[in-house]
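Engineer: Output the structure for:
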Amino acid sequence: MNDLVDLNEETNYGLKQRAELLEQTRWVNEFTWPELESFAVYIRVHKTARNALLCREGDAGDSLFIIVQGSVDIIKKDAADKQKTIATIGPGQTIGEMSLLDRELRSATARAANDVVLLTFHKEDLDRMVREKPGLVIKFIMKLARMLSQRLRRTSSNLADHL
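Structural biologist: The predicted structure is shown next:
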């Protein structure tokens, strides 16, 4: 469904380069370098052009995207079925963590606001990491839990301001 170009073979992104990109995002700033290298085994590097869709609200999804460069508009349909941009997110932020964890449909559309470089992490990668690196999975899931908790707190606060 998405318009991602795989950079792994095209530009020869090796393990070290993927770990460096991951480190650059600061998304995993509490991970050690050996943990970053271990995590990098399970991710891929992709790019996409401005206005390309990463995912569409209501579609099936099984992947998490970590933005390395560029920005992405998050778009939701309102009660009148009109699309509204609810956020624009940039480097170090993620898209798709809910579908990765719960296998439910995508809750929003994500469209590249400009040229974007992403790290992708799929459900099958998570399943493989569970078997091969359970300690790393626990650290990764705890990171996602903290991040989702922070987002829920911000959303609750914003909702209270509008009531």
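
Engineer: CA only for contacts and neighbour counts going forward, please
Structural biologist: Will do.

Engineer: Doesn't Leu100 lie inside a helix?
Structural biologist: Yes - counting by DSSP: H, G, I helix; E, B strand; the rest coil, Leu100 is found in a helix.

Engineer: ok, now which ones touch the closest residue to it other than its chain neighbours?
Structural biologist: Of all residues not flanking Leu100 in the chain, Asp62 sits nearest, at 4.7 Å (Cα to Cα, 6 or more residues apart in numbering). Listed by Cα atoms under 8 Å, 6 or more residues apart in numbering, the contact set of Asp62 reads Gly96, Ser99, Leu100, Arg103, His122, Lys123.

Engineer: Give the ChimeraX command for selecting the buried subset of these.
Structural biologist: With 16 or more other Cα atoms under 10 Å as the criterion, this ChimeraX line picks the buried residues out of these:
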select :96,99,100,122,123
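
Engineer: Just give me the closest of the contacts of Asp62 to Leu15.
Structural biologist: For the contacts of Asp62, the closest approach to Leu15 (Cα to Cα) belongs to His122, at 16.8 Å.

Engineer: Report the separation between the residue nearest to Leu100 and Phe121.
Structural biologist: According to Cα to Cα, to the nearest Å, Asp62 and Phe121 sit 9 Å apart.

Engineer: ok, now Met147?
Structural biologist: 16 Å.

Engineer: The two - which one has more neighbours?
Structural biologist: Phe121 (22 against 16; other Cα atoms under 10 Å).

Engineer: SS state for the more buried one?
Structural biologist: With three-state DSSP as the basis, Phe121 sits in strand.
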